[in-house]
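Enquirer: I would like to see how this sequence folds:
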Amino acid sequence: MTAAALTALILSPILALMIFLFIFRIVLTWYPQVNLSRFPLNVVNALTEPLLAPSRKIVSPIGGVDITPIVWVGIFSLIREILLGQQGLLTMMNHIG
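Expert: As a prediction, this is how the structure comes out:
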């Protein structure tokens, strides 16, 4: 197994999980009464909030809606496509080697 294949094998589920967690955070914004400090939502909060908190200082809410989870879904999707997509860097390296 090449280093590129091993990296892809590790990165693929991590990026997919992060995309899922941020989509879950988007859905949670529809329910403001939900307590994010209770299990299992505290796990989602602990994994996403370190990226969301600094982002909120840069990207202000639009019409009172926090769009930073949407921004992070886009960022992680872009990273996944660039590295692991059909024409992704790691995918191309696996085909060469």
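
Enquirer: would you indicate which residues of the longest helix seen in the chain are buried?
Expert: Looking across the chain with DSSP state H, the single longest helix is helix 3-28. Buried residues in helix 3-28, defined by neighbour count with 16 or more other C-beta atoms under 10 Å: 4, 7-8, 15, 18-19, 21-22, 25-26, 28. All C-beta spots, glycine's among them, are computed from the backbone N, C-alpha and C.

Enquirer: what's the weakest-modelled helix or strand in this structure?
Expert: Between all helices and strands in the chain, the lowest mean by mean pLDDT, DSSP states H and E belongs to helix 89-96, at a mean of 88.

Enquirer: for the chain, give me the ranges with low pLDDT.
Expert: 97 (pLDDT under 70).

Enquirer: repeat that for 90
Expert: 1-5, 28-32, 36, 40, 60-66, 94-97 (pLDDT under 90).

Enquirer: now stretch 26-36: buried residues?
Expert: Using 16+ other C-beta under 10 Å as the test for burial, stretch 26-36 gives 26, 28.

Enquirer: now do the end-to-end distance for that stretch.
Expert: Criterion C-alpha to C-alpha, to the nearest Å; first-to-last residue distance in stretch 26-36 is 13 Å.

Enquirer: shift numbering so it begins at 8
Expert: Let's use 8 as the start, then, which means that last one is stretch 33-43.

Enquirer: any residues touching it, and which ones?
Expert: 48-49, 51-52, 72-73, 76-77, 80 (C-beta atoms under 8 Å, 6 or more residues apart in numbering).
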